[in-house]
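**Student:** Mind folding the following:
(chains A, B, C and D)
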2 protein chains.
Amino acid sequence: MNTENIPDIIVSRIPVYLRALQRMSENGITSTSSQELSEKVRISAAQIRKDLSQFGEFGKQGTGYHIPFLMDRLRQILKVDRIWDVAVVGMGDIGHALARYPGFANRGFRVAMCFDSDPAKIGTKVGDFVIRDVANMQADVKEAGIKMAMITVPAAAAQDVVDKLVEVGVCGFLNYAPLSLQVPPGIKVQHIDPAVGLQRMTYYIE
Amino acid sequence: MNTENIPDIIVSRIPVYLRALQRMSENGITSTSSQELSEKVRISAAQIRKDLSQFGEFGKQGTGYHIPFLMDRLRQILKVDRIWDVAVVGMGDIGHALARYPGFANRGFRVAMCFDSDPAKIGTKVGDFVIRDVANMQADVKEAGIKMAMITVPAAAAQDVVDKLVEVGVCGFLNYAPLSLQVPPGIKVQHIDPAVGLQRMTYYIE
DNA sequence: TAGATTGTTAATCGATTAACAATC
DNA sequence: TAGATTGTTAATCGATTAACAATC
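**Tutor:** Below is the predicted model:
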């Protein structure tokens, strides 16, 4: 199974395929075709076949794809055939929601630690977590070997938090702060910004 | 100022430029260059100049771009030179966070109504809002003339909610449910899925 | 076998980059 | 004027699509 030098844009579609397959699987469906998957994810069938064929031959001519097998392979490719511990930094409303989000567990992630700088919050509980002092963040994250973090602090604090986490080995960031983060080569950032999402649609509305 | 037939991929970058400009503006900076902006948003200077030139000539040779002027123009292009009312459907943790999100007001949006189907929640307050019964959603949204909605209901309920909102004229959806929505032509959907965001990064981590 | 659907090739399409004349 | 930076062109690069032989 080849996983070398795959274009970023293909990698970014694999989680979408996996999500649709997981949903079909939960509905008791055990096989599918590129055509059927295409209708679910709104990506052309040719594109789906081409994307999947970058990694190996996962289907069978005439019958399509066996869903449990394909899901296994996609999970291996994305390295979510294991559970990744993730830190949440910034326990406002969004941090709160992420700490209790039910959609991580079956997709390869577990919130392992939550941090905030507010003395009024430190030591209080959110879900199963005691909120930790961000002053100990580097030591705690390093000791736990955490590689991924979700950043939900104010814009003014985000870059500093990210720099500190990069220092202790975090290499993937889900950024909710409304700015572009500067990171060294090899460090990955994904942005989530609801206002940007809305602004990408108003252009098209009369 | 031309705003016809602009590729989707260019439109999707404009909110990112605008966000960076807004941040510079708040820091008292009044002019910038494609080179400087490039470093902030991590998009090449040539690309930024090309993108902006699709819409008009917003800069001056030798001196770059006047930030307040450029922001005005980008806001006009994105139609966020006004305030859009947005409905939130599903008042779990994420709906809660969106209803109180401070990042909408200065970027062209205002949460106007919140809906849930849980009798225990209906009538209670979240921030300034009384949670409304989703049974009255179509009438309420139609009467208010709302064009955009954020969907934070469970996956199993999302498509039905969207179908109902399309019927009463909503044409932009920010979807937090973990599935691809099916919508008629002309209706826009943006997806936000933190697990997908994380899965797009684990591929690259050793 | 006949029908269906993959994996792959070649063609098309679109996006990005490099370079520079125009001009502030 | 000299220096800086835009807007734009042409070249390059990469992604998508269409078509079909292979094959289950």
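**Student:** Next, the buried residues of the lengthiest strand in chain A.
**Tutor:** When chain A is parsed with DSSP state E, its longest strand is strand A:109-116. Neighbour-count burial for strand A:109-116, with 16 or more other CB atoms under 10 Å in any protein chain shown as criterion, is recorded at A:109, A:111-116. From N, CA and C alone the C-beta is placed, and that goes for glycine too.
**Student:** Please list the residues of chain A that sit near DNA strand C.
**Tutor:** Counting by CB under 7 Å from any atom of the strand, the residues of chain A close to DNA strand C are A:33-35, A:45-46, A:49-50, A:52-53, A:57-65.
**Student:** ok, of those, which come out buried?
**Tutor:** Among the residues of chain A next to DNA strand C, those classed as buried by 16+ other CB under 10 Å are A:33-34, A:49, A:52, A:58-59, A:64-65.
**Student:** if I look at the most centrally placed residue in chain A, how far off is residue A:111?
**Tutor:** Closest to where the C-alpha atoms of chain A average out (CA atoms, centre = their mean) is residue A:174, at 7.2 Å. As judged by CB to CB, to the nearest Å, residue A:174 and residue A:111 stand 11 Å apart.
**Student:** go on, residue A:75?
**Tutor:** 20 Å.
**Student:** that older thread, convert the C-alpha atoms of the longest strand of chain A to CSV, please.
**Tutor:** This file holds the C-alpha atoms of strand A:109-116, laid out as CSV (Å, rounded to 0.1, in the frame of the first residue of the first chain):
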residue,chain,number,x,y,z
PHE,A,109,-9.2,11.0,18.9
ARG,A,110,-9.5,11.6,22.7
VAL,A,111,-9.3,14.8,24.5
ALA,A,112,-6.7,14.2,27.1
MET,A,113,-6.1,17.5,28.8
CYS,A,114,-7.6,21.0,29.0
PHE,A,115,-5.8,24.2,29.9
ASP,A,116,-6.8,27.8,30.7
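**Student:** ok, the next helix or strand after it: who's next to it in the sheet?
**Tutor:** Next along the chain after strand A:109-116, taking DSSP states H and E as the criterion, comes strand A:125-126. With DSSP bridges as the test, strand A:125-126 is paired with strand A:129-130 (antiparallel).
**Student:** ok, the longest strand of chain A: who's next to it in the sheet?
**Tutor:** strand A:84-89 (parallel), strand A:132-133 (parallel).
**Student:** So which bits of chain A are right by DNA strand D?
**Tutor:** A:7-10, A:44, A:46-47, A:49-50, A:60-63.
**Student:** let's go with 10 Å and repeat that
**Tutor:** A:6-13, A:34, A:38, A:43-51, A:53-54, A:57, A:59-63 (CB under 10 Å from any atom of the strand).
**Student:** What does the residue lying closest to residue A:126 once chain neighbours are set aside show for phi and psi?
**Tutor:** Spatial nearest neighbour of residue A:126, excluding adjacent residues (CB to CB, 6 or more residues apart in numbering or on different chains): residue A:99 at 4.8 Å. When quoted as degrees, to the nearest 10, the phi and psi of residue A:99 stand at phi -60, psi -30.
**Student:** Based on its surroundings, how many neighbours for residue A:99?
**Tutor:** 21 (other CB atoms under 10 Å in any protein chain shown).
**Student:** State the distance from it to DNA strand C.
**Tutor:** 35 Å (CB to the nearest atom of the strand, to the nearest Å).
**Student:** who touches residue A:2 in this structure?
**Tutor:** A:54-56 (CB atoms under 8 Å, 6 or more residues apart in numbering or on different chains).
**Student:** if you go through chain A in chain order, where are the helices?
**Tutor:** With helices called from DSSP state H, chain A shows them at A:8-11, A:14-26, A:34-41, A:45-53, A:67-78, A:93-99, A:137-144, A:155-167, A:194-202.
**Student:** Please name every helix or strand in contact with the third one.
**Tutor:** So the one you mean is helix A:34-41. Counting contacts by 3 or more CB pairs under 8 Å, 6 or more residues apart in numbering or on different chains; DSSP states H and E, helix A:34-41 packs against helix A:14-26, helix A:45-53, strand A:64-66.
**Student:** what do you get for the fifth one?
**Tutor:** Using 3+ CB pairs under 8 Å, 6+ apart as the contact test, the elements touching helix A:67-78 are helix A:14-26.
**Student:** Any part of the helix it packs on near chain B?
**Tutor:** Yes: using CB under 8 Å from any CB of the partner chain, helix A:14-26 reaches chain B at A:14-16, A:18-20, A:23.
**Student:** Can you redo those as a markdown table, where the extra columns are distance to residue B:148?
**Tutor:** Formatted as a markdown table, the residues of helix A:14-26 next to chain B follow (distance: CB to CB, whole Å):
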| residue | distance to residue B:148 |
| --- | --- |
| A:14 | 29 |
| A:15 | 25 |
| A:16 | 23 |
| A:18 | 28 |
| A:19 | 24 |
| A:20 | 25 |
| A:23 | 25 |
